[in-house]
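[1] Quick one: sequence and predicted model below, then my questions.
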Amino acid sequence: MNIKSLLLGSAAALLAVSGARAADAVVVAEPEPMEYVRICDVYGAGFYYIPGTETCLKVGGLVRYEIGFDDNDDGWKKETRARINLDARSETEYGTFRRFIEVEWRNDGGATTFDVDGNQTGYVPDDSTTKIRYAFFELGGLMVGRNDTLFDGDLGGEFDAGGGDFINQIRYTFDAGNGIAVSLGLEEEDRDFDYVPLITGKVSVSQGWGSVDLFAGYDDRFEEFALKGIARIKATDALTVELLATYESGATWFGLSDFYEGYEWSVGGYLKYQVNDKLRVGFGGQYFADAHAGFFPTLTTVSTGFDDWSIGAVIDYTIVENLNAKLALNYDDGDSFEAAGEDGSFNGFLRLDASF
């Protein structure tokens, strides 16, 4: 056998073996592409894209512990709250499509029960309550669901009242530009009562010097209306002046004291001073004139003529990021207290809010 034959035979054998091995080769699959959570900075901090979608989601919440007091009561009033909210947003041909949910759990602790003579009769263990605070969606200027009434608005203190609460509604807001917006709402204060909703309106002007909000609400139940104006003026970089004025023609759902309980008119003011990045202090008062309430059997408004007033001070302090403390001290007095045989009331609370 010559060298040439040996080389040819070896090459043929090598090809045969290589072919056999190739037939049995293990094919390694390409790894599936992994989609990591992406930050969405279109709507501000805290938003992330939901994997596989162009919808941005923000998860937030709050843990609150509060100790309150009233010198007409017999002891401290302590409560704990927990809130969870979800804020989802995406862009459409009609504008931003937003969905928002917030649920709150509240616990007031246990309570001792008394009879009419003031004798202790027993003890009720603590119980927690759950409620939906917000559940609405927005598309462009349209908002549908459970939200604060469009009439909602008050001063920055803890002594004041502006009327209104959470309510199911349909609202449309027209943004006219240059800080001007006009809103109209249809709100349902009572399930299966009638086919005429509460009608609310609001005009807002926001500029570099501050803002002015004008509110109006009509209640078909008593055929009465309520008006309100709030101004916030930046006197300096640190000092803000807030002013409030209200008028109620009679009993409405927007009453300053409670639903269908209020005052013919009220005025108030509040001074808020930003001491530094962590500390803010405020002081103010509000006067309430000519109290009235709705008399449901005849759907008429009954006036007591009582005049009342409140003053209060607030200290807000940021302990660390997302942990805030608030101390509020108020004093309430007027004809309503005298009619009930009570003195004026010192009251307030210490509140700790831990948010995320």
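    Thanks, I have it.
[2] those helices in this structure, which residues are they?
    With helices called from DSSP state H, the chain shows them at 3-23, 335-339.
[3] what's the average pLDDT for the longest one?
    Throughout helix 3-23, pLDDT has a mean value of 49.
[4] try the last one
    Here the mean pLDDT over helix 335-339 is 94, rounded to a whole number.
[5] Residues in contact with that helix: which ones?
    By CB atoms under 8 Å, 6 or more residues apart in numbering, the list of residues contacting helix 335-339 from outside reads 291, 304-308, 343-345. The C-beta positions use only the backbone N, C-alpha and C, and glycine is treated the same way.
[6] Mind checking which of those residues land in strands?
    Within the contacts of helix 335-339, membership in strands is found for 291, 308, 345, as judged by DSSP state E.
[7] which of these has the most neighbours?
    Neighbours here are counted as other CB atoms under 10 Å. On that basis the top member of these is A291, with 23 neighbours.
[8] is it true that it touches G305?
    Yes: contact between A291 and G305 holds when scored by CB atoms under 8 Å: they sit 7.0 Å apart.
[9] give the contact list for F97.
    Applying CB under 8 Å, 6+ apart, one finds that F97 lies in contact with 89-91, 137-139.
[10] Output these in JSON lines; the columns should cover pLDDT.
    JSON lines is the format used below for those (pLDDT from 0 to 100):
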{"residue": "R89", "pLDDT": "98"}
{"residue": "S90", "pLDDT": "97"}
{"residue": "E91", "pLDDT": "96"}
{"residue": "F137", "pLDDT": "98"}
{"residue": "E138", "pLDDT": "98"}
{"residue": "L139", "pLDDT": "97"}
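[11] Just the buried residues out of the residues you listed, in ChimeraX syntax.
    Selecting the buried subset of the contacts of F97 in ChimeraX, with 16 or more other CB atoms under 10 Å as the burial test, is done by:
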select :89,90,138
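[12] Identify those among the contacts of F97 that sit within strands.
    Assignment to strands by DSSP E places the following of these there: 89-91, 137-139.
[13] I'd like these as CSV, with distance to E54 appended.
    Converted to CSV, those look like this (distance: CB to CB, whole Å):
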residue, distance to E54
R89, 10
S90, 6
E91, 8
F137, 17
E138, 17
L139, 16
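[14] still on that earlier bit, just the closest of the contacts of F97 to T55, please.
    Using CB to CB, S90 is the member of the contacts of F97 that sits closest to T55, with 4.4 Å.
[15] Report the beta-bridge partners for the nearest residue to G334 once chain neighbours are set aside.
    With CB to CB, 6 or more residues apart in numbering as the criterion, G334 has its nearest non-adjacent residue at 3.0 Å, and that residue is D308. When bridges are assigned using DSSP bridges, the partners listed for D308 are F288, G334.
[16] what does the one 4 residues further on give?
    G312 has the following beta-bridge partners by DSSP bridges: G284, N330.
[17] for the one 4 residues further on, same thing?
    With DSSP bridges applied, D316 shows beta-bridge pairing to R280, K326.
[18] Neighbours of it, how many?
    The number of residues packed near D316 is 20, by other CB under 10 Å.
[19] And the ones in strands among the contacts of F97, which is closest to E242?
    Among the ones in strands among the contacts of F97, and counting by CB to CB, the member closest to E242 is E138, at 26.9 Å.
[20] just checking, that closest one touches R98?
    Yes: between E138 and R98 there is a contact at 4.3 Å, judged by CB under 8 Å.
[21] which residues of the protein score low on pLDDT?
    Within the chain, the stretches falling below the threshold (pLDDT under 70) are 1-36.
[22] Tell me which residues touch S211, please.
    By CB under 8 Å, 6+ apart, the contact list for S211 reads 179, 204-205, 231-232.
[23] ok so, going back, pick the one among the ones in strands among the contacts of F97 closest to E102.
    E102 has its nearest neighbour among the ones in strands among the contacts of F97 in F137, at 13.3 Å by CB to CB.
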